[in-house]
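K.L.:
Generate coordinates for the sequence data below:
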Amino acid sequence: MLIQVAADRVASCLNNDFALYRYSGSQFVVLSNTPDSHITSILQQSIKDALSEPIELSDMALILDVTINRETNLVRRGLIEKLTQLSKKRVASHA
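P.N.:
As a prediction, the model looks like this:
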């Protein structure tokens, strides 16, 4: 349920120029559908604000830990490598 709520919140911030993908566990990736679409600092803040709202579960409210990294000019091969690096960095920061 938490993953779905997070995905719905991120998706609500995006227009048709972007696509949302679940990368790993609780990690998501937002990719541009066109070369001219960029994730602006305003969009980045909107996503962060949406995810920082508490999620009500039964008798408790959960607050998500949000980290956003913005990368530009990634080609497909570079994207795979960068996502792998981000995943390893995320795992190491929680160890």
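K.L.:
pLDDT wise, what is A7 at?
P.N.:
Listed pLDDT for A7 reads 92.
K.L.:
Measure how buried it is and give me the count.
P.N.:
A7 is flanked by 15 other residues according to other C-beta atoms under 10 Å. (Glycine included, C-beta is placed from N, CA and C.)
K.L.:
give the contact list for it.
P.N.:
With contact set as C-beta atoms under 8 Å, 6 or more residues apart in numbering, A7 has these partners: L20, R22, F28.
K.L.:
quick one: buried residues of the helix or strand harbouring it?
P.N.:
Assessed by DSSP states H and E, A7 sits inside helix 2-13. Using 16 or more other C-beta atoms under 10 Å as the test for burial, helix 2-13 gives V5, A6, R9, V10, C13.
K.L.:
export the residues you listed to TSV and tack on distance to L64?
P.N.:
Shown next, in TSV, are the buried residues of helix 2-13 (distance: C-beta to C-beta, whole Å):
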residue	distance to L64
V5	9
A6	6
R9	9
V10	11
C13	14
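K.L.:
so how far is A7 from the residue of the chain positioned farthest from its centre?
P.N.:
Of all residues in the chain, D59 has its C-alpha farthest from the mean position, at 26.8 Å, by C-alpha atoms, centre = their mean. D59 is 24 Å from A7, where distance means C-beta to C-beta, to the nearest Å.
K.L.:
next one: S26
P.N.:
10 Å.
K.L.:
Same question for L20.
P.N.:
On the measure of C-beta to C-beta, L20 and A7 end up 7 Å apart.
K.L.:
Can you tell me the SS state at the most centrally placed residue in the chain?
P.N.:
Residue closest to the mean C-alpha point of the chain, counted by C-alpha atoms, centre = their mean, is F28 at 4.0 Å. Three-state call for F28 (DSSP: H, G, I helix; E, B strand; the rest coil): strand.
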